[in-house]
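>>> Predicted model follows, preceded by the sequence.
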There are 2 protein chains.
Amino acid sequence: MSRIDNIAEVVRFHRKEAGLTQKQLADLAGVGKTVVFDIEKGKASVRLDTLEKVLDALNLKMTVHGPLMKRENEKG
Amino acid sequence: MSRIDNIAEVVRFHRKEAGLTQKQLADLAGVGKTVVFDIEKGKASVRLDTLEKVLDALNLKMTVHGPLMKRENEKG
DNA sequence: CAGAAATTACCGCTGTAGCAGTAATCTGCT
DNA sequence: AGCAGATTACTGCTACAGCGGTAATTTCTG
């Protein structure tokens, strides 16, 4: 439900790519193993900071933008 | 801290753009006024689904991608 | 400047996210 | 097939996100 669960696939793909288990990624990101599983399961109610930690550990970025693909954020 | 707080600016900018007050946006998104304020304040520990509701109401999208700008998700 | 509207900042309450631990199921490897 | 490691799925617990209400402060408008 919602495009959020694509995050699940992206996270899983990149975790595998990095050769990490869920537990290893969890430790690396400083979160619990449960939440890594939850994210990969597509759970929508994870906290943003928790997701961010996991994305950081995988070198992934999150951006918010309008419907016209214009980039509106992005760290400087 | 972190690039998350750019979300704050994007949300606020687009809320103003849409001519909405925080309360109006909250009602429109189906969330409490408090969390709209929190998001615009840059609070990192908001829930992903809550943020998504607010972004949806503003017609904004969230994407996750690798460091090379390659788009990895995006709903079809 | 005054009054109105919006924003910021508290409050207490309720539901649940995140945690570790454990067990069961699913994988892949030889 | 048999074993090891990984994943999935629970449990109980604690901390806090999100909620509405309200008050103080800031911003807008005449």
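Nice, I can see it.

>>> Output the set of residues of chain A in proximity to DNA strand D.
Neighbours of DNA strand D within chain A, by C-beta under 7 Å from any atom of the strand: A:Arg15, A:Lys16, A:Thr21, A:Gln22, A:Lys23, A:Lys33, A:Thr34, A:Phe37, A:Glu40, A:Lys41, A:Arg47. In this view, the C-beta of every residue, glycine as well, is placed from N, C-alpha and C.

>>> give me the subset of those residues touching chain B.
Restricting the residues of chain A next to DNA strand D to those within reach of chain B (C-beta under 8 Å from any C-beta of the partner chain) leaves A:Arg47.

>>> The helix or strand harbouring A:Val36 and DNA strand C, are they touching?
Counting by DSSP states H and E, the element that carries A:Val36 is helix A:33-41. Yes: residues of helix A:33-41 contacting DNA strand C under C-beta under 7 Å from any atom of the strand: A:Lys33, A:Thr34, A:Val35, A:Asp38.

>>> And for the last one, nearest residue in space, chain neighbours not counted?
Taking C-beta to C-beta, 6 or more residues apart in numbering or on different chains, and ignoring the residues beside it in sequence, A:Asp38 has A:Val46 as its nearest neighbour in space, at 6.0 Å.
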